[in-house]
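Colleague: sharing a sequence plus its predicted fold:
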Amino acid sequence: MATTTPHDLNCLTIEELEAHARTMMDKQTRDYYNEGADSNSTLHENMHAYNKYRIRPRVLRDVSRINSTVNIFGHQNSIPLGVAPTAMQRLAHSDGELGTARACKKAKVAMGLSSFATHSLEEVAEASGENPRVLQLYLFEERAHSAKLIQRAKEAGYKAVFLTVDTPFLGRRNMEIRNQFKLPPHLKVRNFAEEQDSIPAEADEKEGAVRPTMQRSGSQTGYNDGENRVPPSGPITFHSHAANPTLNWEKDIRWLKQECGDEMQVWLKGIATAEDAILAVHHGVDGIVVSNHGGRQLNGALATIDALPEVVEAVRGKIPVHVDGGIRHGTDVFKAMALGADFVWVGRPALWGLAYKGQEGVELMLKLFTDEIRLCMSLAGVVRVEDISKEYLVKMDSSGFVARL
Ligand SMILES: Cc1cc2nc3c(=O)[nH]c(=O)nc-3n(C[C@H](O)[C@H](O)[C@H](O)COP(=O)(O)O)c2cc1C
Ligand SMILES: CC(C)CC(=O)C(=O)O
């Protein structure tokens, strides 16, 4: 396969993109985007766990015509990768979620939009055109707000909601707390602009805080500090509303499926065990994303690539299984697909792309992944994505022992 000319000779890898982005973001944004929970061990393991797997390349297979496309939500995606929902993208660059949507459309790559985006879901739909997008949902205890958002997503042509299920409380991200991070006053969480516009000026200042100061009580911060919890009410802010400890299989999944009806699929984002994967199938969801929220929730949780095999085995092909977390190379995508994922999502790389050069930076990020995925397939001797299988992997333990899968 001929190697295509990279867009930017200063930035040939996702690591280099991260390094450039690091210099472009203010400290608060950099810390908010880059850190994980507690000691960051799961954040790092998500990446390093990929090193346990090595590829067994096959040769002499005519790899002159690589087909890296996959079908997702009835559309042909150019590579088996999409951009995961991440909150507040205008912190990285004024292009924000619109820049991401336009880059995804250009690259023919699906996009996930966070409920807590700094552009509205309608604006992102318009920028996406026919390109598939899904709405990430934090299901609020006050159902009316969620019902309204779901209705708007249907009308704007979103293909699915990805219900985030790993945030009964928010993980403890120490830098964010220490920085007393605030959304700058010129930015708003646009999907709830109506609710925010009705906040009095004094409260508006508080609303800006992604994570309030340590002085606030657990019921206001979204994390569990052991105090008695008061259910959220009033204006929608992420610290009051994103986390929802009452979520449960019986009442919430049935309700969500009813709300979404035939028009939008219901997926669960944040499944990490075989047991929950079986429950997801039992409750009739359309797909799952194996995720630990990029290491931002339960620190000490298994790396997602290590959780993937048990989930794939439990699901037995009944519903699609996607994975995210720590994917930084085309070879990581190949390994995830070989371990049974149907598709992967990347979170921070899109934020770094935005920070580096706005929409153009996200295009660059997607180009790097595209080139790397196609080259990896060529060098491993696989022409079609559906042919990537366990046969192409071995697992190495810490003593260097190599085992076939
Ligand atoms: C800054 C940031 C904000 C995020 N916001 C959301 C969000 O609003 N909803 C959600 O479900 N996941 C959110 N995530 C998690 C991502 O969807 C995804 O699971 C994770 O970023 C994947 O890991 P990676 O960043 O290593 O690729 C966020 C992640 C980051 C880094
Ligand atoms: C609004 C936040 C809770 C977004 C999020 O999921 C995150 O920061 O990880």
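Modeller: Now that the structure is in, tell me what you want to look at. Ligands and ions are numbered 1, 2, ... in the order given.
Colleague: in stretch 375-387, what counts as buried?
Modeller: Neighbour counts over stretch 375-387 (16 or more other CB atoms under 10 Å) mark 375-383, 385 as buried. All C-beta spots, glycine's among them, are computed from the backbone N, C-alpha and C.
Colleague: L256 against F162, yeah?
Modeller: No - contact criterion CB atoms under 8 Å: L256 and F162 do not qualify, at 11.0 Å.
Colleague: who touches both of these two?
Modeller: L137 (CB atoms under 8 Å, 6 or more residues apart in numbering).
Colleague: more neighbours, the two?
Modeller: F162 (28 against 23; other CB atoms under 10 Å).
Colleague: re the thing from before, what's the most distant pair in the buried residues of stretch 375-387?
Modeller: L379 and V385 (15.0 Å; CB to CB).
Colleague: distance of the residue of the stretch 201-350 of the chain at minimum distance from ligand 1 relative to E391?
Modeller: As assessed by CB to the nearest ligand atom, ligand 1 sits closest to G347 within the stretch 201-350 of the chain, at 2.1 Å. Separation of G347 from E391 (CB to CB, to the nearest Å) stands at 29 Å.
Colleague: neighbour count: those two, which is higher?
Modeller: Higher neighbour count among G347 and E391: G347, with 22 against 12, using other CB under 10 Å.
Colleague: now that one, nearest residue through space, not along the chain?
Modeller: A84 (4.1 Å; CB to CB, 6 or more residues apart in numbering).
Colleague: need the per-residue pLDDT for the one you found.
Modeller: For A84, the pLDDT comes out at 99.
Colleague: numbering from 777 from now on, please.
Modeller: Let's use 777 as the start, then, which means that last one is A860.
Colleague: is it true that it touches V1120?
Modeller: No - under the criterion of CB under 8 Å, A860 makes no contact with V1120, lying 9.1 Å away.
Colleague: what residues do those two have in common as contacts?
Modeller: D1100.
Colleague: so stretch 1008-1015, near ligand 1 or not?
Modeller: No - Stretch 1008-1015 stays out of contact with ligand 1 when judged by CB under 6 Å from any ligand atom, the minimum separation being 8.0 Å.
Colleague: centre of the chain to that stretch, how far?
Modeller: Chain-centre distance of stretch 1008-1015: 23 Å, with CA atoms, centre = their mean, to the nearest Å.
Colleague: what about that stretch and ligand 2, touching?
Modeller: Yes - using CB under 6 Å from any ligand atom, stretch 1008-1015 reaches ligand 2 at F1014.
Colleague: tell me which residues in that stretch are buried?
Modeller: 1008, 1011-1015.
Colleague: return the member of those nearest to N967.
Modeller: I1012 (8.7 Å).
Colleague: you'd agree that closest one is up against A969?
Modeller: No - counting by CB under 8 Å, I1012 does not reach A969; the two are 9.9 Å apart.
Colleague: reformat the buried residues of stretch 1151-1163 as TSV; add distance to S817 and secondary structure.
Modeller: Output for these, formatted as TSV (distance: CB to CB, whole Å; DSSP: H, G, I helix; E, B strand; the rest coil):
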residue	distance to S817	secondary structure
L1151	31	helix
C1152	28	helix
M1153	32	helix
S1154	35	helix
L1155	32	helix
A1156	30	helix
G1157	35	coil
V1158	33	coil
V1159	38	coil
V1161	32	helix
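Colleague: near ligand 2 at all, stretch 930-941?
Modeller: No - using CB under 6 Å from any ligand atom, we find that stretch 930-941 stays clear of ligand 2, coming within 6.9 Å at best.
Colleague: average pLDDT across that stretch?
Modeller: 98.
Colleague: how far does it sit from the chain's center?
Modeller: 14 Å.
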